[in-house]
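A.B. asks: Fold the following, please.
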Amino acid sequence: MRKRSEGDNRKQKDKMMWILLNRRVKKRGKLALCQMCRPDPNFFIVCFLSFVLCLLSSVAAQAATEFESTIKQDGTGCYTSLTTWEAANQCDLITSAALSHGGITGTIVDGSYVKGAVSGAFGTVVHCTSTQICIKDMTGTFQNAEQMNKTVSLDGTISSPAANVTASSAPASVIAVAKIDGSWTRPESSVVTIDGWTTAVDNYIRIYTTSAARHNGAWSDVIGIDALGTWSDVSGVYTMEVNGTNLIDIKENYVRIKGLQLHLINSTDITGIRGINIDPQVANTGIIINSNIIRGTISGTSSEGIGIYGNDSEITAKIYNNIIYGFINGSVANNAGVKTATGGTYYIYNNTIYGNYEGVNASAGTVVAKNNLCNGNTTDYLGSFSTASRNNLSEDTTAPEYGNYYQSKQVTFEDEAGTPPDYRLAAADAEAKETGTSLLADPNGFLSFSEDISGETRPIGDLWDIGADESGDTTDPVLNSVVASSIAAADDTIALTFNEIMDTSTISTGCSTLVIKYSDDGSGTNAVVIPTRYATVVWSAGDTVATITLDKSE
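C.D. replies: Sure, this is the predicted structure:
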């Protein structure tokens, strides 16, 4: 047998590759290429590269868009709790699609099926709002401007009664957004476990509160009972409160949580529970936790609690502008504001961490800490911190000694002894004010931002403040509500609710006269004046609510 030359071997390989390519093309339903051809090797390479590009374009991800569901306790939103939203919206955010539409005809509930009248595409509805629809487990591609009909089954016939939307955008992959809105009269008491999703860097989960449901940088108690013995809300702030288990358990990548008020209670000697727990992840997880107030009430012989806990070597987390306090139970060791374990990378910036057994415990991983304020903890900082850390402050001598650092510094807060306490910086503070480093453009490129926990722009003075709150007020207060009540055989009351803590001298505690004036025009003419003999004012909810009690006029 003649020994094959190197050229023969190359030709044989080219032939086999061409045959394999032809079979792949046939399989994909394209025009088959002639196997009898003997193309030039360069021509084969060009064809092969074109084939690869065709494959890549066919699986390219669609641009991502926010699909926003509203969570309101009063039932006027999409869901009434964060827990029900999470359970209903679990899906593959990469392969699912969000489309805009002009309004719903009929009713399309979660889990319904829809089919495109033009495209023939079909899938299962994750949720349908008044302006958007999100569809998972799709076959085919929905089109802009086509009618999408509800069907009796997957790829079934049109349902009766009919229900449909007409798309007003092309489909896009999904960013799942939970917008917590409105006034809340009691805490949400169910655990939120973020699991069962498929996410990506452009297809993330975002949970946030609007200004109507968000704290103002100080804890606001949600539950109260009014004079008639019914539940009332003095603050409107969204709160999660559970006893003996994690509040939010993050088991997926690419999750963002902003503006929540969380209360972890542990009174039953349970160990290893956290306000926000970050569990096993994959590399570059993109976890962002900012502008939350996380509070612990830990009691019992061996009860434990940690505000934010990272528990995987693949975690990448950005934790900033949070106020974390109360995670202490005598000398029980595993209580902390923030603790890292099992490795990972953490950027911990501008947090206020007060009154915990441990402030920040960097027991594992790479921890870059900047502008953090730790006071009142049994130990403020523990573990090993990156040399990129700087401008951290402690009441003891443990602030990481990198860059500028401040040890043995006691900060002045608005009202650390209050019920509830207020850990925003007082105007009189001389330690944390004007001593931070600017992170408008983080010199290390890790994490840049411009706001404090209340949404105010940093800096208010010349330099950044250390901690979650930028001291100083550049915005006018807002009167959120005025509630007047009159009860037989009792004095009349007027309750004024402001969006932030007020100077209590602005409404006197006792007034010898108070005049209530009503007018039917903007100029104040045609007025009806109602004098009162005497009025008393009681401030509550951290000096955000003034209740004025009026003696009835004679």
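A.B. asks: where's W85, which helix or strand?
C.D. replies: helix 82-89 (DSSP states H and E).
A.B. asks: Tell me the first helix or strand C-terminal of that helix.
C.D. replies: Using DSSP H and E, the next helix or strand after helix 82-89 towards the C-terminus is strand 97-100.
A.B. asks: what's that next one packed up against?
C.D. replies: strand 64-71, strand 132-139, strand 173-180 (3 or more Cβ pairs under 8 Å, 6 or more residues apart in numbering; DSSP states H and E). To be clear about C-beta, it is placed using only N, CA and C from the backbone, and glycine gets the same treatment.
A.B. asks: With mean pLDDT, mean neighbour count and distance to E252 added, can I get those strands in a markdown table?
C.D. replies: A markdown table is the format used below for these (pLDDT from 0 to 100; neighbours: other Cβ atoms under 10 Å; distance: least, Cβ to Cβ, whole Å):
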| stretch | mean pLDDT | mean neighbour count | distance to E252 |
| --- | --- | --- | --- |
| strand 64-71 | 98 | 20 | 16 |
| strand 132-139 | 98 | 20 | 16 |
| strand 173-180 | 98 | 23 | 10 |
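A.B. asks: coming back round to it: from the rest of the structure, what touches the helix holding W85?
C.D. replies: 69, 71, 78-79, 110, 126-127, 134, 176, 178, 180, 188, 190-194, 207, 240 (Cβ atoms under 8 Å, 6 or more residues apart in numbering).
A.B. asks: Need the mean per-residue confidence for it.
C.D. replies: Mean per-residue pLDDT for helix 82-89: 98.
A.B. asks: can you check stretch 320-330 too?
C.D. replies: Rounded mean pLDDT across stretch 320-330 is 98.
A.B. asks: Can I get that stretch in PDB, CA atoms only?
C.D. replies: The C-alpha coordinates for stretch 320-330 follow below in PDB (Å, rounded to 0.1, in the frame of the first residue of the first chain):
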ATOM      1  CA  TYR A 320     -22.700  50.100  51.400                       C
ATOM      2  CA  ASN A 321     -24.800  52.800  53.100                       C
ATOM      3  CA  ASN A 322     -26.400  50.300  55.500                       C
ATOM      4  CA  ILE A 323     -27.100  50.900  59.200                       C
ATOM      5  CA  ILE A 324     -26.800  47.700  61.200                       C
ATOM      6  CA  TYR A 325     -27.300  47.400  65.000                       C
ATOM      7  CA  GLY A 326     -28.400  45.200  67.900                       C
ATOM      8  CA  PHE A 327     -26.800  41.900  67.000                       C
ATOM      9  CA  ILE A 328     -25.500  41.100  70.500                       C
ATOM     10  CA  ASN A 329     -26.500  38.600  73.100                       C
ATOM     11  CA  GLY A 330     -24.100  39.000  76.100                       C
END
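A.B. asks: For that stretch, list every residue counted as buried.
C.D. replies: By 16 or more other Cβ atoms under 10 Å, the buried positions in stretch 320-330 come out as Y320, N321, N322, I323, I324, Y325, G326, F327, I328, N329.
A.B. asks: three-state assignment of D221?
C.D. replies: Following DSSP: H, G, I helix; E, B strand; the rest coil, D221 is assigned to coil.
A.B. asks: got the contact list for the closest residue to it other than its chain neighbours?
C.D. replies: Leaving aside its chain neighbours, D221 sits nearest to P420 (6.2 Å; criterion: Cβ to Cβ, 6 or more residues apart in numbering). Contacts for P420 (Cβ under 8 Å, 6+ apart) come out as A218, W219, S220, D221, R295, G542.
A.B. asks: in what helix or strand does N277 lie?
C.D. replies: For N277, the host element (DSSP H and E) is strand 274-278.
A.B. asks: What lies in contact with the next helix or strand along the chain from that strand?
C.D. replies: Toward the C-terminal end, the helix or strand that comes next after strand 274-278 (DSSP H and E) is strand 287-290. The contact list for strand 287-290, computed with Cβ under 8 Å, 6+ apart, reads 250, 253-258, 276, 278, 281, 308, 315-322, 449.
A.B. asks: Can you tell me the closest non-neighbouring residue to N377?
C.D. replies: G359 (4.0 Å).
A.B. asks: I'd say that neighbour and G383 touch.
C.D. replies: No. Contact status for G359 versus G383: not in contact, 10.7 Å apart, counting by Cβ atoms under 8 Å.
A.B. asks: Settle it for me: which of the two has more neighbours?
C.D. replies: G359 (34 against 16; other Cβ atoms under 10 Å).
A.B. asks: A strand includes A212, no?
C.D. replies: No. Counting by three-state DSSP, one finds A212 to be coil, located in no strand.
A.B. asks: Contacts only, for it.
C.D. replies: Contacts of A212 by Cβ under 8 Å, 6+ apart are D181, G182, S183, G236.
A.B. asks: what do you get for W219?
C.D. replies: Applying Cβ under 8 Å, 6+ apart, the residues near W219 are Q261, I293, R295, P420, P421, D422, G542.
A.B. asks: Which of these ranks first by neighbour count?
C.D. replies: Going by other Cβ under 10 Å, I293 tops the contacts of W219 with 29 neighbours.
A.B. asks: coming back round to it: and the helices and strands packed on strand 97-100: which comes nearest E401?
C.D. replies: Nearest of these to E401, taken as Cβ to Cβ: strand 173-180 at 40.1 Å.
A.B. asks: Can you give the strand pairings for that closest one, parallel or anti for each?
C.D. replies: strand 64-71 (parallel), strand 205-209 (parallel) (DSSP bridges).
A.B. asks: all strands for the stretch 101-250 of the chain, in order.
C.D. replies: 113-116, 122-128, 132-139, 147-151, 164-166, 173-180, 192-194, 205-209, 224-225, 231-232, 239-243, 248-250 (DSSP state E, counting those that start in this stretch).
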